[in-house]
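Engineer: whatever this is, show me its structure:
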Amino acid sequence: MENQSNIDSDTAIIKITNRIPCVQIGETKESVVQKLSDNADKFDTMDYIYVIDKKKVLHGVISIKTLFYAKHTAKVEKLMDKKLVVAHPQTKQRKVVYLALTNGIKAIPIVDDERHLLGIVPYDTILTIFNQEYRKEIFSSGGISPKVGDEYTTIKSTARVMIKSRLPWLVLGVLGGTLAASVITGFEEVLSKVLALAAFIPVLVYMSDAVGTQSEALIIRSIALEPKLAIKSYLVREFKIASALALICGALISIVAYIGWGTYFLGIVVGLSMFLSIIVAVLISTLLPLAFKKINSDPAIATGPFATMISDIATLAIYFTVAITFLGYFELI
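Structural biologist: Numbers count the residues shown, from 1 in each chain. This next block holds a predicted model:
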């Protein structure tokens, strides 16, 4: 096994066990059953039997169910499943979980470049990793600092630990809210002329945040599961999706504004602002995680309060810029 000091603590090799049932090509069901019976107490798990050759190269796996129904004289190479789902020592733990869940299997074999079997990540470990990764993303998206460690994840954490884990993002939120308030203050003259503009601020901010949150979740999951993600094609697809969502939502809010307030000005401004703000929110929420990944930082840091703060300010700036532009146009006609 690799030197532990040179191994990334987030990779599959850390979580493997090699106390597993292995049999060699040419053995029969009868010999395999005898081997399982004689060595059952030496195995950490017996969900699958792994078929290897003399060089420990993995050729297939046999489930206990398949073994049970086979004839006593059946050779293991006739029983094994050759369509293997495997991971490598440097595969990220979350990718291992993804492979197990999407393929409906209880353990993932870990092999090297020559397909030598190093061990497996068993079912209970996969569930543990899944719980840790899910919990981590939940806390990050909720604005609880991951730098504090696992202390904050328990109900027994002290008040000091909880304050330390939550305060940084809240302070950032206060600063972001102050900037947003400054943006609104800078457009008091516009609001005084068309007071109805203020009524649509909450819905514009909410919609950009909602669509941005969706994009954040999708890009972070994609980065986690596909280390070699085709960034260019992903961005092109996301821009198309954002444009469609923005067009539909913008048209809807434009109609509502016109019917409810009876002015073309309000309908155009609100509709166009929502169209632009949704596209910008998607770009922010997609590009931030990619930027964090580029500098080898956890992309989850870009989620939640940070991206929301930037998106809110951008939405307000777009809204009032569009309002000023069309206010001047309507005053000229």
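Engineer: please report phi then psi for residue 108.
Structural biologist: Phi and psi for residue 108, reported as degrees, to the nearest 10, are phi -120, psi 120.
Engineer: which residues does it form a beta bridge with?
Structural biologist: residue 121 (DSSP bridges).
Engineer: please verify my assumption that it contacts residue 123.
Structural biologist: No - counting by C-beta atoms under 8 Å, residue 108 stays clear of residue 123, with 9.5 Å between them. C-beta: built from backbone N, CA, C; applies to glycine.
Engineer: so between these two, which is more surrounded?
Structural biologist: residue 108 (28 against 15; other C-beta atoms under 10 Å).
Engineer: buried stuff in the helix or strand residue 287 falls within?
Structural biologist: Residue 287 belongs to helix 264-294 when assigned by DSSP states H and E. Going by neighbour count (16 or more other C-beta atoms under 10 Å), the buried part of helix 264-294 is 265-290, 292-293.
Engineer: check which helices and strands the helix or strand containing residue 252 is in contact with.
Structural biologist: Assessed by DSSP H and E, residue 252 sits inside helix 231-261. Packed against helix 231-261 by the contact rule (3 or more C-beta pairs under 8 Å, 6 or more residues apart in numbering; DSSP states H and E) you find helix 201-225, helix 264-294.
Engineer: columns mean pLDDT and distance to residue 77 on top of the ones you listed, output as a markdown table?
Structural biologist: What follows is those, written out as a markdown table (pLDDT from 0 to 100; distance: least, C-beta to C-beta, whole Å):
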| stretch | mean pLDDT | distance to residue 77 |
| --- | --- | --- |
| helix 201-225 | 86 | 32 |
| helix 264-294 | 90 | 43 |
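Engineer: with distance to residue 168 added, can I get the ones you listed in TSV?
Structural biologist: Formatted as TSV, the helices and strands packed on helix 231-261 follow (distance: least, C-beta to C-beta, whole Å):
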stretch	distance to residue 168
helix 201-225	18
helix 264-294	16
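Engineer: can you tell me which of those helices is nearest to residue 135?
Structural biologist: In terms of C-beta to C-beta, the element of the helices and strands packed on helix 231-261 nearest to residue 135 is helix 201-225, at 14.4 Å.
Engineer: by how many degrees do the closest one and helix 231-261 diverge?
Structural biologist: 160 degrees (axes from the mean of the first three to the mean of the last three C-alpha atoms, to 10 degrees).
Engineer: thanks a lot, catch you later.
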